[in-house]
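Novice: Give me coordinates for this.
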Amino acid sequence: MLRNQRLITVPLDQNQLRERNRALSVLLQLSNYLSTRTNLEDLLGGALELVMEQLGVNAGRLYMAAPDEDCYHLVVHRGLSPEGLETVPAGVGFTSKAARTRSFLAMRVEDLDDTDRVALLSSKGFKLVICLPLITRDQVIGVMNLSAEDIIPLEMASIDLVMVMGNLVATTAESVLQAQALSEQARQMAEQKEAVQFFAYTACHDMKSPATGVHGLARMLAQRAGHNLDEKGRAIITQIEKAAQRIEDLAQEVNAYIRVKEAPLNLSEVSLKEVLDEVAGEMAERLEKQGVVLELPAEEVVLKVDQGALVRAVTNLVDNALKYGGPGLSKVRVLHRQDEGFHVLQVSDDGVGVTEDLVEKCFTLFKRADTSQGTEGTGLGLAIVREIARRHGGKAWLETSQPKGACFCFSLSRDLPLNSTKS
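Specialist: Predicted structure coming up:
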């Protein structure tokens, strides 16, 4: 066609297409209709009308398969009362034959095998019935039944066209059903998530209150009657106090983890120096008690972050170093650098370091090193850091190139918009 022409221009005009190729025009019309529908009943109703118009029939019914019930259920109908036609059993009858053979079927009403169906359709004035299976991905998901008051001519071109139309309808209907199923799953998951969150908050609150009471009672017992107990009795009281304190800490950390995971981020421009000074102030007493120096970066940097979350992340990493750095720990160092699109914060120490088996697992919930036995902790501190980094578009990791001690890092995206939430 292009042999003697430099350019061929054919505008997509539906009226012109109808004049040139009516069948393709009908398919385009159906495709445009299906692409705008997300409600199954609305989609099937409009599609049924287009097929009826194409074949020139008076009435139609569209059934969807119900495999669990071994039948087909009426979803939409046009041009007749559906009374007595609401359900079609699978395996018998004209409709089931069309589905079973995956074939377009047309037959005079008077020639149907089902005498009851003949009487019913005849009483409604119909002389011709047509069954069109709706097939997608080699599965019959429904059947379109059409009825005419007169015997109409059926050409092969028309039959081929409505079979393709049936395939388009089936494919779109399946997509809508899948979308509805996904939407329902999402709704159920949201409900479950809310229920789990409510349970976690409630359980932690209910757990913390008696633990606080036990802690206070054990301390009171030690103060009032400790002098009457032997060494073993006083040791038991101490163990009770520690156990109660651990339950309190765990409840507090679980609530903290839920908050950093679920609460909206309050993003603003934050001075890194102010954040680190706040952390240093909170940790000053422990640092002095353990004889550890905290080194902070001197440069002034402004980050777009949730300030409370950033304070929490850095505090957790410094706390982690103080808890697990060992007796030789003397220095904890915080560094900042910028990579492509990210702020990276690094908290390193000169302590005992992290064993190889924990390199990939240390940010896992409730995961603690075997060497941490006897050291207070909940196993949630690093998991909270990882979650804060994730919600800021970054990640958390353990740097393994440091020859001594441990070096934990987390990144924060530099592209987060202010005053937004990110989940």
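Novice: Secondary structure element holding the nearest residue to Asn167 once chain neighbours are set aside?
Specialist: Nearest non-adjacent residue to Asn167, counting by C-beta to C-beta, 6 or more residues apart in numbering: Ile135, 5.9 Å away. C-beta coordinates here come from the backbone N, C-alpha and C atoms, glycine included. Element membership for Ile135 (DSSP states H and E) is strand 128-136.
Novice: Keeping just the C-alphas, turn the helix or strand following that strand into PDB.
Specialist: Of the helices and strands lying after strand 128-136 in sequence (DSSP H and E), the nearest is strand 139-148. Taking Å, rounded to 0.1, in the frame of the first residue of the first chain, the C-alpha atoms of strand 139-148 are listed here in PDB:
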ATOM      1  CA  GLN A 139     -12.600 -21.300  31.300                       C
ATOM      2  CA  VAL A 140     -16.400 -20.800  30.900                       C
ATOM      3  CA  ILE A 141     -17.400 -18.200  33.600                       C
ATOM      4  CA  GLY A 142     -20.900 -17.600  32.300                       C
ATOM      5  CA  VAL A 143     -23.500 -17.900  29.600                       C
ATOM      6  CA  MET A 144     -25.500 -15.300  27.700                       C
ATOM      7  CA  ASN A 145     -29.000 -16.400  26.800                       C
ATOM      8  CA  LEU A 146     -30.800 -14.500  24.000                       C
ATOM      9  CA  SER A 147     -34.400 -14.900  22.900                       C
ATOM     10  CA  ALA A 148     -36.200 -13.600  19.800                       C
END
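Novice: Measure how far strand 139-148 is from the centre of its chain, please.
Specialist: 35 Å (C-alpha atoms, centre = their mean, to the nearest Å).
Novice: Can you name every helix or strand that it contacts?
Specialist: Using 3 or more C-beta pairs under 8 Å, 6 or more residues apart in numbering; DSSP states H and E, the elements in contact with strand 139-148 are helix 40-55, strand 59-66, strand 71-78, helix 93-101, strand 128-136, helix 156-225.
Novice: repeat that with 10 Å
Specialist: Applying 3 or more C-beta pairs under 10 Å, 6 or more residues apart in numbering; DSSP states H and E, we find strand 139-148 packed against helix 40-55, strand 59-66, strand 71-78, helix 93-101, strand 105-108, strand 128-136, helix 156-225.
Novice: contact partners of the helix or strand hosting Leu303?
Specialist: Leu303 belongs to strand 302-306 when assigned by DSSP H and E. By C-beta atoms under 10 Å, 6 or more residues apart in numbering, the surrounding residues in contact with strand 302-306 are 260, 263-275, 310-313, 336, 338, 343, 345, 388, 391-392, 412-422.
Novice: List the strands paired with that strand, with their directions.
Specialist: Here strand 302-306 is paired, per DSSP bridges, with strand 267-271 (antiparallel).
Novice: what separates the partner strand from the chain centre, distance-wise?
Specialist: That offset, for strand 267-271, works out to 29 Å (C-alpha atoms, centre = their mean).
Novice: and whichever helix or strand comes after it, how far from the chain's centre?
Specialist: Next helix or strand after strand 267-271 toward the C-terminus (DSSP H and E): helix 272-290. Mean C-alpha position of helix 272-290 versus that of the full chain (C-alpha atoms, centre = their mean) differs by 38 Å.
Novice: now the angle between strand 302-306 and helix 272-290, please.
Specialist: On the basis of axes from the mean of the first three to the mean of the last three C-alpha atoms, to 10 degrees, helix 272-290 is oriented at 80 degrees to strand 302-306.
Novice: And the contacts of helix 272-290?
Specialist: Taking C-beta under 10 Å, 6+ apart as the rule, helix 272-290 contacts 271, 292-294, 296-303, 305, 307-308, 310-319, 321-323, 325, 327, 329-330, 332, 334, 336, 343, 345, 347.
Novice: redo that, cut-off 7 Å
Specialist: Helix 272-290 has contacts (C-beta atoms under 7 Å, 6 or more residues apart in numbering) with 294, 296, 300-301, 303, 307, 310-311, 314-315, 318, 322, 329, 334, 336.
Novice: Within the sheet, what are the partner strands of the helix or strand just after that helix, with directions?
Specialist: Downstream of helix 272-290, the first helix or strand assigned by DSSP H and E is strand 293-295. According to DSSP bridges, strand 293-295 forms sheet pairs with strand 331-339 (parallel).
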